[in-house]
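Asks: Mind folding the following:
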Amino acid sequence: MNDSRNATGTGIVLQAEKLVKSYDEGNNELEVLSGVDLTVTQGDILAIIGTSGSGKSTLLNLLGGLDRATRGSVSIAGNALATMSDRDTGKLRNRYLGFVYQFHHLLPEFTALENVAMPLLIRGDSPASCQEKAAATLKKVGLEHRLKHKPSALSGGERQRVAIARALVTEPALVMADEPTGNLDERTAAHVQSLMLELNDTLGTAFMIVTHDREFASRCPQQYELHDGLLRRL
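Replies: The predicted structure is shown next:
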């Protein structure tokens with residue numbers, strides 16, 4: 001695998017070109033994405049807005065290598081996903097990407113520390129190193145006092161902060177967040193939004209945030225709208 005900065009000097013983390021995704025519906029073909037182009041460089045923070053059903057989550061899944069495009073290309077750190085096996089794509093995701101979803105998807109039987117350490121354990125790091133990095137990352141999101149708490153003992157905002165820490169623990173180049181505050185009350189959502197903007201600033205991690213919240217999107221330097229299968233810069 002190539003490192004995009006070392007290979008090209010451009011710092012491009014992710015690039016999509018003429019991305020098309022369609023589904024067969026009986027005798028008809030439903031085209032959800034109709035030729036999306038997008039480039040994300042190191043340290044970017046961008047929001048993608050669109051109405052329900054516009055294809056935002058579909059786009060995120062394609063960009064994150066969780067689904068395959070019908071046509072077009074996606075590359076992560078200079079690696080074209082279309083040429084890679086599922087196994088190698090998974091390794092690439094673990095190295096370069098972190099994911100945050102509307103629902104935190106924490107494992108209920110594990111503590112906050114164990115949940116955050118999981119991507120590192122999957123990668124094959126030593127258990128001691130995993131715990132050390134997980135604790136340090138939880139501290140970055142203000143949860144150093146909640147390491148041993150299981151998700152059921154955490155508030156909604158705390159659970160989402162654990163999910164953000166889990167996405168950050170591998171030191172990814174890009175965190176992809178799908179409606180990360182959609183399941184939170186207004187006050188908690190505002191706190192989590194501010195946290196992501198702060199982490200982008202302090203860590204230099206790029207964030208791609210899919211949201212229906214136009215006010216949140218307006219806080220991001222780059223804003224895009226997905227409409228009629230096309231992505232346009234606002």
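Asks: Just give the number of residues close to Ala135.
Replies: If you count neighbours by other C-beta atoms under 10 Å, Ala135 ends up with 18. Glycine gets a C-beta too; all of them are placed from N, C-alpha and C.
Asks: Next, the buried residues of the helix or strand harbouring it.
Replies: Following DSSP states H and E, the helix or strand that holds Ala135 is helix 127-140. Using 16 or more other C-beta atoms under 10 Å as the test for burial, helix 127-140 gives 130-131, 133-135, 137-138, 140.
Asks: repeat for stretch 190-202
Replies: Applying a neighbour-count criterion of 16+ other C-beta under 10 Å, one finds 190, 192-193, 195-197, 199-200 buried in stretch 190-202.
Asks: Out of those, which sit inside helices?
Replies: Among the buried residues of stretch 190-202, the residues falling in helices (DSSP state H) are 190, 192-193, 195-197, 199-200.
Asks: can the residues you listed go into TSV with extra columns for distance to Thr211 and pLDDT?
Replies: TSV is the format used below for these (distance: C-beta to C-beta, whole Å; pLDDT from 0 to 100):
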residue	distance to Thr211	pLDDT
Ala190	13	87
Val192	11	83
Gln193	9	88
Leu195	15	84
Met196	11	86
Leu197	13	88
Leu199	16	86
Asn200	15	89
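Asks: Quick check, central residue of the protein?
Replies: Met176 (1.5 Å; C-alpha atoms, centre = their mean).
Asks: part of a strand, is that residue?
Replies: Yes: membership of Met176 in a strand is supported by DSSP: H, G, I helix; E, B strand; the rest coil.
Asks: residue contacts, it?
Replies: Each residue near Met176 by C-beta atoms under 8 Å, 6 or more residues apart in numbering is listed here: 60, 63-64, 97-100, 208, 210.
Asks: In the protein, what residue spans correspond to helices?
Replies: With DSSP H, the ranges of helices along the chain come out as 4-8, 56-63, 86-96, 112-123, 127-140, 156-168, 186-203, 214-218.
Asks: among these, which is nearest Tyr23?
Replies: For the helices of the chain, the distance to Tyr23 is smallest for helix 56-63, at 9.3 Å, taking C-beta to C-beta.
Asks: Please identify the buried residues of the closest one?
Replies: 56-63.
Asks: tell me the angle of that helix relative to strand 174-178?
Replies: With axes from the mean of the first three to the mean of the last three C-alpha atoms, to 10 degrees as the basis, helix 56-63 and strand 174-178 are set at 150 degrees to each other.
Asks: residues in contact with helix 56-63?
Replies: By C-beta under 8 Å, 6+ apart, helix 56-63 touches 14, 16, 19, 21, 32-33, 36, 38, 48-50, 66-69, 74, 176, 178, 208, 210, 226, 231.
Asks: now stretch 185-192
Replies: Against stretch 185-192 from outside (C-beta under 8 Å, 6+ apart): 155-157, 160-161, 164, 180-181, 184, 213, 216.
Asks: quick one: His212 and Gly182 touch, right?
Replies: Yes: contact criterion C-beta atoms under 8 Å: His212 and Gly182 qualify, at 7.1 Å.
Asks: list the contacts for Thr211?
Replies: 47-49, 177, 179-182, 217.
Asks: 7 Å instead?
Replies: 47, 49, 179, 217 (C-beta atoms under 7 Å, 6 or more residues apart in numbering).
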